[in-house]
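S.K.: Quick check, what structure comes out for this input:
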Amino acid sequence: MFGRLAARLAHDHPEVAEAAERIVDQALVFLTTCGANLDVKLRPSPTVDLGWHTFLLFTRDYAAFCEQTAGRFLHHVPDDGPREAPGDVADLGATVALIRRSGFEVDPDLWVVAAQCSQCYQGCHDDPKEI
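M.R.: Numbering: from 1, shown residues only. Sure, this is the predicted structure:
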C-alpha cells in the first residue's frame, strides 16, 4: 500500500514527486499519532496533508488503517478559517512535538506551515459523540 500511495501522490502532484515517499511516511506518522491522541487537536503541514488526501482516495485501506491505529475512522475536517490564522504555527509545533514524543522521526522539511484542516474532535458537526 505504501508504494501505491507514493506512486499516486507523485502522479497527482508532480511538483512533489521526488518527495512522495517521504510525504506518505510523514502522513502515516501523523495519522498514527492522531489515532493515539484522539483528545488532542493536531494539524498537518500542507505537504503532509497531500499525503493524507492521497490516502483518503483509497477509502477501504484508509478505513482499515484507521480502525487498526485509532479504533475508529479518523475524519479529515477542513478548516475554513483564514490561512495561517493565529495559532496555526503553534498548533503545527505542538503536532511535531507530540510526534517526536510518540517515538517517531520528523522530516523537518515537510513540516513548514499549517494546513487548513485538522483532526480535531473538538465539537465539529461530524465528530463522534463519544470517544
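S.K.: got the phi/psi numbers for residue 78?
M.R.: Torsion angles at residue 78 (phi, psi; degrees, to the nearest 10) stand at phi -60, psi 150.
S.K.: Could you report the neighbour count for it?
M.R.: By other CB atoms under 10 Å, 10 other residues sit near residue 78. To be clear about C-beta, it is placed using only N, CA and C from the backbone, and glycine gets the same treatment.
S.K.: Run through the bridge partners of it.
M.R.: Legend: beta-bridge partners of residue 78 under DSSP bridges are residue 117.
S.K.: ok, it to residue 49 distance?
M.R.: Distance of residue 78 to residue 49, computed by CB to CB, to the nearest Å: 10 Å.
S.K.: what's the answer for residue 22, then?
M.R.: Applying CB to CB, the value for residue 22 to residue 49 is 14 Å.
S.K.: So for the two, which residue has more residues nearby?
M.R.: A count of neighbours by other CB under 10 Å puts residue 49 above the other of residue 22 and residue 49, at 20 against 17.
S.K.: quick one: the more buried one and residue 24, what's the gap?
M.R.: Using CB to CB, we find residue 49 at a distance of 12 Å from residue 24.
S.K.: Pull the residues that contact the longest helix anywhere in the chain.
M.R.: Secondary structure of the chain read by DSSP state H shows that its longest helix is helix 20-36. Defining contact as CB atoms under 8 Å, 6 or more residues apart in numbering, one finds that helix 20-36 is touched by 2, 5-7, 9-10, 13, 16, 42, 44, 47-52, 54-55, 65-66, 69-71, 74, 95, 98-99, 102, 104-107, 109-111, 119.
S.K.: Just the buried ones among those residues, please.
M.R.: Neighbour-count burial (16 or more other CB atoms under 10 Å) applied to these gives 5-6, 9-10, 13, 16, 42, 44, 47-52, 54-55, 65-66, 69-70, 74, 95, 98-99, 104, 107, 110-111, 119.
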